[in-house]
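Visitor: no sequence on this one, just coordinates:
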């Protein structure tokens with residue numbers, strides 16, 4: 001997508017030395033900056049450009065990801081020498097590691113009359129969930145569920161923490177590895193073994 005109102009703004013000469021690591025995924029503009037641009041140019045989104053000065057210039061993009069990154073949508077775009085790639089500034093992307101020194105040019109594509117500070121980027125989360133008690137955003141998965149279960153703003157959080165504290169101290173199902181650990185149900189012992197003694 002090339003927006004007719006885009007104006008080249010703030011060119012940066014970029015150099016990547018060999019032996020580095022892939023950068024963390026990001027967006028080139030913060031959400032508040034994009035909102036300011038859209039207030040002046042409804043429907044518009046600022047953009048970015050990478051111009052390849054030599055062979056092997058690459059960029060990892062997350063296709064169609066503007067709110068949260070999806071690792072399954074990550075793809076590497078190779079930019080031929082003398083060509084450039086234009087993309088929306090809210091597209092999640094990252095620079096890649098290089099085996100040889102790489103030189104390229106980055107340029108912000110913005111709109112006339114909107115003040116902003118370049119080089120302040122927006123870090124991104126993977127597919128995430130929001131705690132219904134405290135509002136924190138975290139990557140989906142066991143850590144999120146654990147946080148929400150024990151969240152200090154969860155009305156049942158204190159009880160949940162207390163139950164966990166005394167869990168495994170009474171019952172007929174005993175752990176054969178841990179001393180004095182026993183549960184009231186076989187399923188609880190199974191979960192304990194999966195957490196504490198996973199099979200290699």
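Guide: Alright, I've got the coordinates. Remember, predicted model here, so these are calculated numbers, not experimental data.
Visitor: so where is this structure shaky, pLDDT-wise?
Guide: Counting by pLDDT under 70, the chain shows low-confidence ranges at 1-2, 119-128, 164-170, 199-200.
Visitor: all helices of the protein, in order?
Guide: 31-40, 142-150, 157-166, 186-196 (DSSP state H).
Visitor: want to throw the ones you listed into CSV with distance to residue 172?
Guide: Using the backbone N, CA and C atoms, a C-beta is placed for each residue, glycine as well. Listed next are the helices of the chain as CSV, based on distance: least, C-beta to C-beta, whole Å:
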stretch, distance to residue 172
helix 31-40, 55
helix 142-150, 26
helix 157-166, 16
helix 186-196, 9
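Visitor: closest one to residue 87 among the ones you listed?
Guide: With C-beta to C-beta as the criterion, residue 87 lies closest to helix 31-40 of these, at 13.8 Å.
Visitor: any residues touching the closest one, and which ones?
Guide: With contacts defined as C-beta atoms under 8 Å, 6 or more residues apart in numbering, helix 31-40 is touched by 29, 44-46, 89-90, 110-111, 113-114, 116, 120, 122.
Visitor: hang on, the earlier thing: out of the helices of the chain, which gets nearest to residue 12?
Guide: When those are ranked by proximity to residue 12 (C-beta to C-beta), helix 31-40 comes first, at 16.7 Å.
Visitor: hmm, back to that, just the buried ones from the contacts of helix 31-40?
Guide: When the contacts of helix 31-40 are checked for burial by 16 or more other C-beta atoms under 10 Å, the buried set is 29, 44, 45, 46, 89, 90, 110, 111, 114, 116, 122.
Visitor: what's the distance between the closest residue to the fourth one other than its chain neighbours and residue 31?
Guide: Going back to what we said before, that points to residue 46. For residue 46, ignoring the flanking residues on the chain, the nearest one in space by C-beta to C-beta, 6 or more residues apart in numbering is residue 89 at 4.2 Å. Using C-beta to C-beta, to the nearest Å, we find residue 89 at a distance of 11 Å from residue 31.
Visitor: dump the contacts of helix 31-40 to a markdown table, plus distance to residue 149.
Guide: Written out in a markdown table, the entries for those read as follows (distance: C-beta to C-beta, whole Å):
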| residue | distance to residue 149 |
| --- | --- |
| 29 | 36 |
| 44 | 43 |
| 45 | 38 |
| 46 | 40 |
| 89 | 37 |
| 90 | 33 |
| 110 | 44 |
| 111 | 46 |
| 113 | 49 |
| 114 | 44 |
| 116 | 41 |
| 120 | 35 |
| 122 | 29 |
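Visitor: go ahead and confirm residue 160 touches residue 148.
Guide: No: here residue 160 lies out of contact with residue 148, judged by C-beta atoms under 8 Å, at a distance of 10.0 Å.
Visitor: overlap in contacts of these two?
Guide: Common contacts of residue 160 and residue 148, defined by C-beta under 8 Å, 6+ apart, comprise residue 154.
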